[in-house]
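Participant: sequence below, structure please.
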Amino acid sequence: MAIIDTFFSIPRPYKRAISVFIDLIFIQIAFWGAFWTRLGEFDQTRSIDYWYLVSFISVLTITCFIRIGYYRAILRYLSVHAIFTLGVGSLVSTVIFVLATYFFGIWVPRTVVVIYLGYLFILTGGARLSVRVFFAQLEMKRKPNVIIYGGGVAGRQLVNLLRQGDELNPVAYIDDNKKLQGNVLQGLTVYKREKLSCLVSKFDVKQVLLAMPSATRSQRKTIISALVDLPVEVLSIPNLDAIVHDNVSLDQLHDVPIEDLLGRESVLPNEQLMEANIKNKVVMVTGAGGSIGSELCRQIILHQPQTLLLFELSEFALYSIEKELSEYIDKRGLVVELIPLLGSVQRINRLEAIMTTFNVDTIYHAAAYKHVPMVEYNVVEGVRNNVFGTFYTAQAAINAGVSSFVLISTDKAVRPTNVMGTTKRMAELGLQALAEQEALKPNGTRFCMVRFGNVLGSSGSVIPLFKRQIKEGGPITITHPDIIRYFMTIPEAAQLVIQAGAMGKGGDVFVLDMGKPVKIVSLAENLVKLSGLEVKSEQNPYGDIEFKYTGLRPGEKLYEELLIGDNVNETEHSRIMMANERFLPLIEYQQILEQLDSACHDFEHEQIRQILIDAPTDFKPSDGIGDVVWKRKQLNH
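Facilitator: Model prediction:
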């Protein structure tokens with residue numbers, strides 16, 4: 001290997017000189033070999049004229065080879081075009097041979113010329129092909145072996161790209177199509193799924209690349225389930241269109257999307273519902289820079305609103321989403337007015353001025369403090385933002401004549417055990433109370449709430465945390481071995497929120513179908529295994545990643561619910577249900593708000609908690625008061 005590496009380091013002019021010298025030898029061998037093949041001896045070619053002839057042919061042939069680019073080709077990357085050039089060069093050399101014998105009057109049997117052509121092409125072309133094959137084999141031994149799952153167009157294109165690169169060596173295809181199984185594609189055999197374990201061991205495979213862009217999510221889940229217990233890392237191909245002009249690298253291959261682990265098929269959105277509250281209207285999104293808010297904005301601009309108002313407290317978050325959407329609008333040539341607005345939902349005058357000035361038609365209220373522990377540690381701010389902020393935004397909408405108001409709620413609002421969930425249930429109660437009043441008006445604001453669980457990839461999702469911990473070598477921190485959660489992708493959640501909002505008649509509480517709940521430990525185990533690692537435990541003390549159980553955080557539940565009662569109705573959308581929840585008259589709700597406002601102003605945390613417990617929120621706190629300022633004051637006293 002050291003000798004080969006030394007050869008690689010030789011400057012190209014020297015390599016070309018070596019190639020010329022070898023080709024001169026090949027010309028001699030082809031010339032004299034042709035005579036020997038035809039005549040069986042060299043007695044008739046002992047004349048000095050034949051030495052002059054071969055010298056003349058050699059000089060002109062090498063000159064010709066140089067002119068047509070023989071020595072510009074890099075042998076390791078010899079292509080079909082280069083082979084064609086070799087053929088042309090050999091043919092030109094043969095023509096020189098024929099013309100030289102004619103002008104010099106030297107006797108040469110006609111078959112000798114034909115044999116010379118064959119020998120020269122075989123020697124020059126064969127040597128170069130042998131070098132190419134040698135280097136290809138050498139490169140394959142240096143590169144880690146991978147299996148391509150999917151023998152379709154994407155899989156074959158991926159193999160081509162990998163062979164051009166210097167990082168991965170494809171050794172086999174796996175495909176569930178029985179028509180492909182047993183066939184050879186691009187020199188690789190196509191095997192059935194049951195052969196995976198054997199192939200991994202035989203070829204010492206460390207990675208499996210999924211190349212199935214057209215497979216459904218349930219099909220991908222079935223395939224991933226077959227891979228999860230193998231000692232390999234599973235990666236998914238990048239967008240082939242984006243890398244077609246570049247070499248594939250490990251950085252461009254990405255982890256299996258977590259939604260493939262869940263196997264939940266998305267439902268195509270109803271375009272009429274998507275456009276009902278958006279197309280040609282003025283739409284406002286509060287919390288526009290957050291996980292859900294930003295995705296709502298992306299979905300909204302696709303359905304051509306007249307104006308989209310981005311309302312956000314964080315300057316950087318507002319800058320980021322405004323920049324992203326502006327670039328998208330310019331790229332697609334959309335006609336959408338984008339207006340970035342800084343502000344807090346706790347400032348009713350600011351809200352009303354904006355809604356009135358821009359004649360807002362639809363509001364999606366995503367602004368909220370949603371991290372359970374953070375709200376536990378900052379109770380007053382959580383109440384101010386989630387309860388009063390929502391009520392002020394709703395009142396501003398009524399005063400400005402907004403047609404539709406959609407609140408983004410949470411499954412944690414159902415029988416809450418924490419302040420965050422309780423404040424979201426209080427926000428729901430406020431909108432229900434206002435909806436009852438607005439229903440009496442001919443063109444009152446339509447209020448509705450959409451309740452769902454965790455979204456994949458949000459700022460509070462455990463998935464990015466688990467992936468970072470795996471990358472760092474662990475441990476993975478999990479609150480409890482039995483904790484389960486509902487999951488949904490952000491785009492699907494945003495689409496369903498928009499569609500639910502279009503179905504709202506006033507005071508509706510919509511509940512999204514989140515599918516089956518997922519055990520967090522099982523999710524973490526699958527992520528570890530798909531990274532080609534093993535979970536470290538008492539049964540497997542030599543594993544790679546250890547699980548560390550930290551205990552439930554303040555206010556956290558083992559199981560989340562989506563409904564308070566069993567009284568639920570279906571809607572025209574298969575993934576959206578409507579709950580019939582109890583609510584308060586507006587007068588009673590406002591009385592609770594007055595008490596809550598006074599308690600928050602005086603930082604009376606015991607009273608705040610009691611008010612939230614007494615309200616019809618079903619709040620049953622699982623921990624004591626967690627506000628960090630209040631706790632420090634208790635210690636000081």
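Participant: buried residues in stretch 532-543?
Facilitator: Gly532, Leu533, Val535, Lys536 (16 or more other C-beta atoms under 10 Å). To be clear about C-beta, it is placed using only N, CA and C from the backbone, and glycine gets the same treatment.
Participant: single out whichever of these has the smallest pLDDT.
Facilitator: Of all the buried residues of stretch 532-543, Gly532 has the smallest pLDDT value, namely 71.
Participant: now it: closest residue in space that isn't a chain neighbour?
Facilitator: Glu233 (3.2 Å; C-beta to C-beta, 6 or more residues apart in numbering).
Participant: picking that back up, Ala17: which of the buried residues of stretch 532-543 is nearest?
Facilitator: Distance to Ala17, by C-beta to C-beta, is smallest for Gly532 among the buried residues of stretch 532-543, at 46.5 Å.
Participant: what residues does that closest one make contact with?
Facilitator: Lys206, Gln207, Pro231, Val232, Glu233, Val234 (C-beta atoms under 8 Å, 6 or more residues apart in numbering).
Participant: next one: Glu534
Facilitator: So Glu534 contacts Pro231, Val528, Asn540, Tyr542, Gly543, Asp544, Ile545 (C-beta under 8 Å, 6+ apart).
Participant: do the same with Ile348
Facilitator: Contacts of Ile348 (C-beta under 8 Å, 6+ apart): Tyr392, Thr393, Gln395, Ala396.
Participant: show me which pair in those is furthest apart.
Facilitator: Every pair of the contacts of Ile348 checked by C-beta to C-beta; the farthest is Thr393 and Gln395, at 7.4 Å.
Participant: okay, and the beta partners of Ser404?
Facilitator: Thr362, Arg446 (DSSP bridges).
Participant: pretty sure it sits against His365.
Facilitator: No. With contact defined as C-beta atoms under 8 Å, Ser404 and His365 do not form a contacting pair (11.0 Å).
Participant: so between the two, which is more surrounded?
Facilitator: Neighbours per residue, other C-beta atoms under 10 Å: of Ser404 and His365, the larger number sits with His365, 26 against 23.
Participant: I'd guessed Tyr486 sits against Val518; true?
Facilitator: Yes. Under the criterion of C-beta under 8 Å, Tyr486 makes contact with Val518 at 7.4 Å.
Participant: quick one: contacts for Ser311?
Facilitator: In this structure residue 311 is Phe, not Ser. Met284, Val285, Thr286, Gly287, Ala288, Leu341, Gly343, Val345, Ile354, Ala367.
Participant: how far away is it from Val285?
Facilitator: 7 Å (C-beta to C-beta, to the nearest Å).
Participant: equivalent analysis for Val387, please.
Facilitator: With C-beta to C-beta as the criterion, Val387 and Val285 are 20 Å apart.
Participant: those two - which one has more neighbours?
Facilitator: Val285 (28 against 25).
Participant: around the closest residue to Asn378 other than its chain neighbours, how many other residues sit close by?
Facilitator: Distance criterion C-beta to C-beta, 6+ apart; nearest residue to Asn378, sequence neighbours excluded, is Asp627 at 6.6 Å. By the criterion of other C-beta under 10 Å, Asp627 has 22 neighbours.
Participant: what pLDDT does Asp627 get?
Facilitator: For Asp627, pLDDT reads 88.
Participant: so who does it touch?
Facilitator: Counting by C-beta under 8 Å, 6+ apart, the residues that Asp627 touches are Glu376, Tyr377, Asn378, Val379, Val380, His605.
Participant: let's see that with 10 Å instead.
Facilitator: 375-382, 419, 603, 605, 608-609, 633-634 (C-beta atoms under 10 Å, 6 or more residues apart in numbering).
Participant: also Leu209?
Facilitator: Contacts of Leu209 (C-beta under 10 Å, 6+ apart): 146-150, 155, 158-159, 162, 168, 170, 233-237, 248, 253.
Participant: that one: what secondary structure?
Facilitator: strand (DSSP: H, G, I helix; E, B strand; the rest coil).
Participant: shaky segments in the stretch 101-250 of the chain?
Facilitator: The stretch 101-250 of the chain contains residues with pLDDT under 70 at 104, 125-142, 164-166, 214, 217, 237-250.
Participant: quick one: mean pLDDT over the helix or strand containing Gly293.
Facilitator: Per DSSP states H and E: Gly293 is located in helix 291-302. The average pLDDT within helix 291-302 is 92.
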